[in-house]
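Student: no sequence on this one, just coordinates:
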Ligand code: ADP
Ligand code: MG
């Protein structure tokens, strides 16, 4: 019985409305043991006929019988199964995987048929020996001659172990000697199989074939038996299984790195996507952050969203014990005890060449390195953080660091000559904004001096004298409180003019009360009038020369004076680690007996920032989508070079799912490598091995969830591309796809 029977089969090609004949009304039968040569001029329909027999192409009319069974109901998967079980193809242009070795090409067929790599080594070697290529088993196919390539193709067809071998002009690209040996090989094979070949050169094969078929214009012109054949050949169809998951993974990994330029190109595209997506996304987050934290505020200069201002509900000062408890609280990054400084800008100046401006900070809260000089050690040493664009800090740094500087009040311009400071370290910020982020880090002692100045400056001082309250301020001398070393503690000296207010023009022994009130505390100092001064005795008792300029002041002991303003902290700021859990932290603080204020909530916003945010969101979404589609098309163009590979393995029996899975593995490999490389870049930037600005932004603004999201996007994109690509690949018959690409 014939293994293949064609009955009235016709094949047409439809091309832009024109119908071309592949062949018409063909009737043929083929049996095992035959070695059939099909000849005929070019365009007579030989290849089309072989493709139909191979199940690689469809036909329009007639019936095909396989093993006596009719196939008109066959669908795509039925023909897939048929090809896998019955057909081994050999092509004029070999259709080998050029980037694989001889061994790998033959092994591939067996793997695709469900074999395990470790179990088929002997079989592969044996097949390579059969076609006489043992010497070349580990040579890449691209380095072989045409004859050698065709031998590989034959070994590959044999590896599949199918009853039918179909070869379309297998010797078309070979010299006559190689051609002869290939024909001989095929003739050997035909003793156990059915071999059908197409040839232009009948003389070359006539000694070997058992039958000759001549075609002309899509019809059979001649069908002649040349030799008798053994009618009783038993055969088994290929008992294929699907490729195992493990071998699929192994093949996918091999394919990833097999063609280095392709791998590098894909990696570059993926890296581009990762970096561009992350840069764009973190840029957006930064903008959003800036918009959220923009606005103005009359009281607070440091409006960080991490800052919570606290005061005790019972209005007492915050003790060291309190600070200890606060710092043990979850989510507390650090505490600024003298938080009043945060909202105080200071100048440091030599009153001659240098003016250095910034917010005051305690050096104990500084935990980075310096760019110039070193970290402060002594109490008079200062670290400055400021813009690289600041002329004093950058160009004049060495001069600046040799100069004694004094603190100057921004409001009054008053320079405190008591405190001599030296800048010993400078850290530059990348900010272009000259003064936005400048900070001055001071020792505890300097901070206390500054705090004293601030308490004094912002206090309301009332003097109670003879049951009347008098406001004391710096605008005039009336009741201005001045420290003087000649006055002893608890005493006060008043002017002779005031003395006249008392009974008998004598105030000595009377009480004076000094009342200090500010945002943070209230303090009362009770003093006894001990002496009165006038023009004559002022030099003697107070060591002051000029009476007129000082008349009206009240003089007290310097320690008493200091005690009025040298106070503990009544207000501090807590800086939190995680902004998202600020509400929990605040409720914890309330439970501990603190009043809290989220500084960020005090910002007054303008409406434009909201509009800007919407606009930015839209722009970001558009950019990300554009990026995605560009990358998608670039990857598809790169993958086009893989069409030959996938068409080839498809002809070797790989199903659509296998092709898709192999592609997914390949793309996921690249995606993972790209992502991992990206993480390494992030880490290198993080640990200062490299220094790229926009990567800093990524580090600053992206959270773990963002990294995960990006990873999922990459995986999703790889899956999508694999699916689309394999769908496109399988939309047309394998032979059309490969025909276009070769
Ligand atoms: P042969 O292999 O004998 O040279 P083919 O089988 O390739 O001939 O072609 C037979 C006929 O079918 C020719 O007329 C050819 O133009 C036509 N043909 C083959 N392939 C296609 C195709 N993909 N699209 C349109 N016409 C085709
Ligand atoms: Mg042809």
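Tutor: Received, thanks. Every value quoted in this text rests on a predicted model; they were computed, and no experiment measured them. Ligands and ions are numbered 1, 2, ... in the order given.
Student: near ligand 1, which residues of the stretch 151-300 of the chain? Just list them.
Tutor: Applying C-beta under 6 Å from any ligand atom, we find that the stretch 151-300 of the chain lies next to ligand 1 at no residue. Where C-beta positions appear, they are placed from N, C-alpha and C, glycine not excepted.
Student: helices of the stretch 151-300 of the chain, residue ranges please.
Tutor: If you assign secondary structure with DSSP state H, counting those that start in this stretch, the helices in the stretch 151-300 of the chain sit at 176-189, 202-205, 245-258, 260-293.
Student: can you add mean pLDDT and mean neighbour count and give these back as JSON lines?
Tutor: Listed next are the helices of the stretch 151-300 of the chain as JSON lines, based on pLDDT from 0 to 100; neighbours: other C-beta atoms under 10 Å:
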{"stretch": "helix 176-189", "mean pLDDT": "90", "mean neighbour count": "18"}
{"stretch": "helix 202-205", "mean pLDDT": "92", "mean neighbour count": "16"}
{"stretch": "helix 245-258", "mean pLDDT": "92", "mean neighbour count": "17"}
{"stretch": "helix 260-293", "mean pLDDT": "86", "mean neighbour count": "17"}
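Student: name the residue of the stretch 551-700 of the chain that lies nearest to ligand 1.
Tutor: The nearest approach of the stretch 551-700 of the chain to ligand 1 comes at residue 647, 14.2 Å away (C-beta to the nearest ligand atom).
Student: which helix or strand lies directly C-terminal to the strand ranked longest in the chain?
Tutor: Counting residues, the longest strand in the chain under DSSP state E turns out to be strand 415-429. With elements assigned by DSSP states H and E, the helix or strand that comes after strand 415-429 is strand 439-442.
Student: just checking: what are the partner strands of that following strand?
Tutor: Paired strands of strand 439-442, with direction, are strand 355-362 (parallel), strand 381-387 (antiparallel) (DSSP bridges).
Student: what does that strand contact?
Tutor: Outside strand 439-442, the residues that touch it by C-beta atoms under 8 Å, 6 or more residues apart in numbering are 346, 348, 356, 358-363, 365-366, 376, 382-386, 421, 450.
Student: on that earlier part again, name the residues of the longest strand of the chain that are buried.
Tutor: For strand 415-429, burial by neighbour count (16 or more other C-beta atoms under 10 Å) applies to 415-416, 419, 421-429.
Student: quick one, that strand and strand 355-362 angle?
Tutor: Here the directions of strand 415-429 and strand 355-362 differ by 80 degrees (axes from the mean of the first three to the mean of the last three C-alpha atoms, to 10 degrees).
Student: what helices or strands is strand 415-429 leaning on?
Tutor: Judged by 3 or more C-beta pairs under 8 Å, 6 or more residues apart in numbering; DSSP states H and E, strand 415-429 is in contact with strand 345-349, strand 372-373, strand 381-387, helix 391-394, strand 405-409, helix 444-457.
Student: and ligand 1, which of the ones you listed is closest to it?
Tutor: If you check each of the helices and strands packed on strand 415-429 against ligand 1 by C-beta to the nearest ligand atom, strand 381-387 wins as the nearest, at 69.1 Å.
Student: quick one: the closest one to helix 444-457, angle?
Tutor: Going by the same axes, to 10 degrees, strand 381-387 is angled at 70 degrees with respect to helix 444-457.
Student: now do strand 381-387, average pLDDT.
Tutor: Strand 381-387 shows a mean pLDDT of 92 in the predicted model.
Student: and it, how far out from the chain's middle?
Tutor: Taking C-alpha atoms, centre = their mean, to the nearest Å, one finds the center of strand 381-387 at 33 Å from the center of the full chain.
Student: what does stretch 251-270 give?
Tutor: Mean-position distance between stretch 251-270 and its chain equals 20 Å (C-alpha atoms, centre = their mean).
Student: hmm, who's touching it?
Tutor: With C-beta under 8 Å, 6+ apart as the test, stretch 251-270 has contacts from 99-100, 104, 108, 111, 243, 631, 634-635, 638, 641-642, 645, 661-662, 664-667, 669-671, 673-675, 677, 714.
Student: for stretch 16-25, same thing?
Tutor: Residues external to stretch 16-25 that are found in contact with it (C-beta under 8 Å, 6+ apart): 8-13, 45, 48-49, 52, 61-62, 215, 217-219.
Student: need the worst-confidence member of those residues.
Tutor: Within those, lowest confidence goes to residue 13 (86).
Student: tell me the secondary structure for the closest residue to that residue other than its chain neighbours?
Tutor: The shortest distance from residue 13 to any non-neighbouring residue, by C-beta to C-beta, 6 or more residues apart in numbering, is to residue 20 (4.4 Å). Per DSSP: H, G, I helix; E, B strand; the rest coil, the secondary structure class of residue 20 is strand.
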